[in-house]
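Enquirer: Predicted structure and sequence below. I'll ask about it afterward.
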Amino acid sequence: MIHRRLDSGLTQLTELLVLTSRYVEEAVSHSILAWRERDSSFVDKVHKIEEQVNQSHKQIDAECLKLFPTAPLAVDLRFLLSAVKINTDLERMTDQAVNIADTAGYYLRFPTLPHQNELCEMADDVQFMVREAIESFIKGDSLLATNVLRCDDKVDNLKDKIFRDIITHITHNPKDAEQGLNVILIARNLERIGDHATNIAEDVIFTVSGEDIRHSGKQKIALGDPNEKRK
Amino acid sequence: MVDHNSELVLETKGLKAYFGDNLAVRGVDFKVHSNSVTAIIGPSGCGKSTFIRCLNRLHEEVPGARAEGSVRLKDQDIYAKDMDPVMVRRQIGMVFQKANPFPGMTIFENVVAGLKLAGIRKKSFLEETAERSLTHAALWDEVKNKLHQPATSLSGGQQQRLCIARTLAIDPPVLLMDEPTSALDPISTSKIEELILQIKKHVTIVIVTHNMQQAARVSDYTAFFLLGELVEFDETSKMFTVPKDKRTEQYVTGKFG
């Protein structure tokens, strides 16, 4: 009886997480469109999605609280532990998306700076990471999760390059300081979203295989060439 | 905390148990470390009770039953021809699913029954041992003022702890427990689990349980049996979070059994 209650509870929890993941994917996508398309209508959309994610965040925690007393074991226990953490990551990703959307809304009043190419590339990579992290979770697929891990270093490097380039640009063009700061904020939030996607990927690998690869550098050894990420 | 360097107390090699022609335990290699608690889990009929009854030669008391292979208690082969099964059972005590205090005996008489059978008569020694054993079994405070009342006047949980005290009185290095709490309420179960964690400082324990949460709470190692075979043996923390064998994973997540 307990196992039946646990099974149906886990199914319901999975459905909630999948739904929330889709919201988050949309929030990230809209926040990027807000600055890329210079369209303020996306800012409101991101805020609306955030409200839904905040509701789901509490609902998912409540579901997890109900399931822990049923004393799940093995893969069920690993899934439940990961669900709690993934739920937090999803909520934080939405917060970052809101930050990007708000910054983009403010950014509209200024002309576009150079360095758009790197920021676009970074946004593409982060969206890819979010999509793959969510798909890896839905499918319970460690291989998809490793695609996310592969991409993380590249995103970090792009962020560092954007920071360096913007600082150099501002040094020579002090009047662009405010726009420059906005670009840095967007890059910083994109990088944080990538980090949360990486956390989700690590949790998926833990759920599927029981292997805890956090903080080990192990993934870097096993993952190979980052350029192969989309094959 | 599991101590991987602790001494091996019990070891079986190729242990098989038969009921007539029926092979109930199919060649099990198994090791028990000193001062550890090892849980044996598995679905009904998987051979786990039969297996532990081979560890102190109780299995052979069933008509038509026999065991093959080797069981060693430290450096002793307990199936050696010159080994007395009664002596084996003094060193490898056992507690059963249903408490079985000796009827017609007082609480005190129950605790010291094994010592008296061994010919010990000195009153002060018997009294000291009774107090120590009842204390280890977490029962002393509840019975110290009624030691000479019938053992059957105790509750089910107290009777089970009395049986544990009776076994501990003869100071066995190994204690086998066959579903010792399956007939008890949650409070009595909790007391038995607490005492298991206490007495493992003095005695090595092998416990058969259907309750996986209990195995997770009290044991250092867990063995999963299925169809008379030992499928997987590992530290309990690993068995219940990252079991290696798919069958273990399916069993502990309730997919069968």
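Expert: Thanks, I have it.
Enquirer: So, low pLDDT: which residues of chain A?
Expert: A:1-5, A:217-231 (pLDDT under 70).
Enquirer: Okay, helices next: where are they in it?
Expert: A:2-36, A:41-67, A:74-107, A:116-139, A:142-172, A:177-209, A:218-223 (DSSP state H).
Enquirer: The fourth one vs helix A:177-209, what angle?
Expert: Angle of helix A:116-139 versus helix A:177-209, following axes from the mean of the first three to the mean of the last three C-alpha atoms, to 10 degrees, is 20 degrees.
Enquirer: ditto for the third one
Expert: Following the same axes, to 10 degrees, one obtains 170 degrees for the angle between helix A:74-107 and helix A:177-209.
Enquirer: In helix A:74-107, which of the residues would be classed as buried?
Expert: Neighbour counts over helix A:74-107 (16 or more other C-beta atoms under 10 Å in any protein chain shown) mark A:74-83, A:86-87, A:89-107 as buried. For every residue, glycine as well, the C-beta is placed using N, CA and C.
Enquirer: Get me the contact residues on the stretch 1-150 of chain B for chain A.
Expert: Taking C-beta under 8 Å from any C-beta of the partner chain, no part of the stretch 1-150 of chain B reaches chain A.
Enquirer: which residues of the stretch 1-150 of chain B score low on pLDDT?
Expert: Those would be B:1-2, B:4, if you go by pLDDT under 70 across the stretch 1-150 of chain B.
Enquirer: all helices of chain B, in order?
Expert: So, for chain B - with DSSP H - the helices run B:48-55, B:85-91, B:107-117, B:123-136, B:140-143, B:156-169, B:186-199, B:212-218, B:236-239, B:246-252.
Enquirer: Check the offset of the second one from the chain's centre.
Expert: Computed by C-alpha atoms, centre = their mean, to the nearest Å, the separation of helix B:85-91 from the middle of its chain amounts to 14 Å.
Enquirer: what about residue A:16, how many neighbours?
Expert: Other residues near residue A:16 come to 19 when the count uses other C-beta atoms under 10 Å in any protein chain shown.
Enquirer: what do you get for residue A:55?
Expert: By other C-beta under 10 Å, neighbour count at residue A:55 equals 12.
Enquirer: same thing with residue A:109?
Expert: With other C-beta under 10 Å as criterion, residue A:109 counts 8.
Enquirer: Check the gap between it and chain B for me.
Expert: 53 Å (C-beta to the nearest C-beta, to the nearest Å).
Enquirer: Which residues are in contact with residue A:199?
Expert: A:85-86, A:89 (C-beta atoms under 8 Å, 6 or more residues apart in numbering or on different chains).
Enquirer: Nearest to residue A:17, out of the helices of chain B?
Expert: Nearest of the helices of chain B to residue A:17, taken as C-beta to C-beta: helix B:246-252 at 21.4 Å.
Enquirer: Distance of residue B:231 relative to residue B:176?
Expert: Distance of residue B:231 to residue B:176, given as C-beta to C-beta, to the nearest Å: 20 Å.
Enquirer: In terms of neighbours, single out the busier of these two.
Expert: residue B:176 (27 against 18).
Enquirer: The more buried one and residue B:95 touch, don't they?
Expert: Yes. When contacts are counted by C-beta atoms under 8 Å, residue B:176 is listed as touching residue B:95 (7.3 Å).
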